[in-house]
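In: task: produce atomic coordinates for the following.
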Amino acid sequence: MYEKDGEEIFVIDGHVHLWDARQENIVHEGGEQFLQCFYDYHTGFTPEEEQWDIDEYRHYGADRMTEDLFGNAAADMAIFQPTYLDEFYDEGFNTTEQNAELAEEYPERFVLNGSFDPRDGEEGLRYLEHLKEEYDIPGVKLYTAEWRDESKGWRLDSDDAFEFLEKCSELGIENINAHKGPTIRPLNRDAFDVKDVDDAASSFPELNFIVNHVGLPRLDDFCWIAAQEPNVYGGLAVASAMSTHRERKFGDIMGELLFWLGEDRVLFGSDYALWNPDWLVEQVINAELTDEQKDEYGVELDVETMKKIMGENAAELYDIDIEEKKRQFRDDDITERFDLADHYGGDAGAAAD
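Out: Residues are numbered from 1 along each chain as shown. The predicted structure is shown next:
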């Protein structure tokens, strides 16, 4: 946990991946293009001293991931968001099953989401049922621009997608995480358009739609949709990285989100390993709005707001009891591995103050 202005901030990183982009796993040129585009985002918004080399970035593995997330208590918990990309990668880029190996090793620290693609039809519905039965997934991550044969994407408001959302509702899979943000080469920018969230959210009020990347670069569209749909949330992955080199831009994004959605519907995510919470969490927690931004938006990035964004809002969606987790983490495997007892003993926090 972090401590800022005398207040503890429990951090749930709402957007992490354990991917494999080694050359032997790439079966389509799009796989290399995708990874290179990721790496460009990484270097463009990461302090030079924190940047990885490309080979390490391709495949960092479970041990490195665990240390980056929890080794200095940068995050207290993390939520896996799978991205299959089976057309590009032989064994998938970042699948539920791959993530599950680490999530099952540290079940108290990770939340495991699944995925669906409505183009899979009846087989896909059976797979979704399997994921719920096998892993008890509380949510899914959706990648509407993923290629499949001749198709270069699908829409969340289509009849086929609605069949899968109905199945999610039936199974109790409540958290629908949709990538609606920047495109990644060679995927289609328009297939990530946020507009299809509107009808889906209206039609399934019992589900929570977490729009990862807050619709960037279509932030206005996202905010207008979220303002009228109380079950739409903003995931800060990608936007959070702008707290490093684009501080004013980050302030504008946060101002718009807090003005339109309020502090209860915005969730932190690092998008690991695009960026590393080892340094990013502190950047976000210490971000400030300019006086001009405070006047325009009428909001503050105060400690109470940050507590919600960095962890409490995700805890609400995923039924996580933060106080119980703090007690568990005093002597769990991660705490013992990284000697973190002081962070959860109530006597000290990380150095974000």
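
In: show me the contacts for the closest residue to G139 other than its chain neighbours.
Out: Nearest residue to G139, sequence neighbours excluded (C-beta to C-beta, 6 or more residues apart in numbering): N175, at 3.1 Å. Where C-beta positions appear, they are placed from N, C-alpha and C, glycine not excepted. Shown in contact with N175 (C-beta atoms under 8 Å, 6 or more residues apart in numbering): 113, 138-140, 207-208, 210, 317-318.

In: cool, and G121?
Out: D160.

In: redo that, cut-off 10 Å
Out: Residues in contact with G121 (C-beta atoms under 10 Å, 6 or more residues apart in numbering) are 160, 163-164.

In: how far away is it from G298?
Out: 48 Å (C-beta to C-beta, to the nearest Å).

In: with I184 instead?
Out: Counting by C-beta to C-beta - I184 and G298 are separated by 35 Å.

In: next one: E282
Out: Taken as C-beta to C-beta, the span from E282 to G298 is 26 Å.

In: more neighbours: these two, which one.
Out: Neighbour comparison, E282 and G298: the larger count goes to E282, with 18 against 10 (by other C-beta atoms under 10 Å).

In: so where's the stretch 201-350 of the chain uncertain?
Out: 346-350 (pLDDT under 70).

In: any chance you could map the strands in it?
Out: Using DSSP state E, counting those that start in this stretch, the strands found in the stretch 201-350 of the chain span residues 208-212, 232-235, 266-267.

In: closest to T144 out of those strands?
Out: strand 208-212 (11.2 Å; C-beta to C-beta).

In: the closest one packs against which elements?
Out: Helices and strands touching strand 208-212, as assessed by 3 or more C-beta pairs under 10 Å, 6 or more residues apart in numbering; DSSP states H and E, comprise strand 12-16, strand 139-142, strand 175-179, helix 197-203, helix 219-228, strand 232-235, strand 266-267, helix 313-317.

In: including distance to E97, could the ones you listed go into CSV?
Out: Converted to CSV, the helices and strands packed on strand 208-212 look like this (distance: least, C-beta to C-beta, whole Å):
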stretch, distance to E97
strand 12-16, 16
strand 139-142, 14
strand 175-179, 18
helix 197-203, 26
helix 219-228, 31
strand 232-235, 23
strand 266-267, 25
helix 313-317, 23
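
In: nearest to N99, out of those?
Out: Checked against C-beta to C-beta, the stretch from these lying closest is strand 12-16, at 8.7 Å.

In: could you dump the closest one to PDB, C-alpha only?
Out: C-alpha atoms of strand 12-16 as PDB (Å, rounded to 0.1, in the frame of the first residue of the first chain):
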ATOM      1  CA  ILE A  12      -5.700  -2.700  -7.500                       C
ATOM      2  CA  ASP A  13      -4.100  -2.600 -10.900                       C
ATOM      3  CA  GLY A  14      -7.200  -3.100 -13.100                       C
ATOM      4  CA  HIS A  15      -5.400  -4.000 -16.300                       C
ATOM      5  CA  VAL A  16      -2.400  -6.400 -16.600                       C
END
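
In: other residues contacting the next helix-or-strand element following it?
Out: Using DSSP states H and E, the helix or strand that follows strand 12-16 in sequence is helix 29-44. When contacts are defined by C-beta under 10 Å, 6+ apart, helix 29-44 is touched by residues 17, 19, 21-23, 25-26, 28, 50-54, 57-58, 83, 85, 87-90, 93, 147, 182-187, 238, 241, 244-246, 271, 273-276.

In: out of these, which are buried?
Out: Taking 16 or more other C-beta atoms under 10 Å as the criterion, what is buried in those is 17, 19, 21, 25-26, 28, 52, 57-58, 83, 85, 88-89, 93, 147, 184, 186-187, 238, 241, 244, 271, 273-276.

In: where do the helices of the stretch 201-350 of the chain begin and end?
Out: Listed in chain order, the helices of the stretch 201-350 of the chain (DSSP state H, counting those that start in this stretch) span 219-228, 242-245, 247-260, 277-285, 291-297, 303-307, 313-317, 322-328, 333-338, 341-344.

In: would CSV of those with distance to E3 be doable?
Out: Formatted as CSV, the helices of the stretch 201-350 of the chain follow (distance: least, C-beta to C-beta, whole Å):
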stretch, distance to E3
helix 219-228, 31
helix 242-245, 19
helix 247-260, 21
helix 277-285, 10
helix 291-297, 24
helix 303-307, 10
helix 313-317, 18
helix 322-328, 13
helix 333-338, 17
helix 341-344, 9
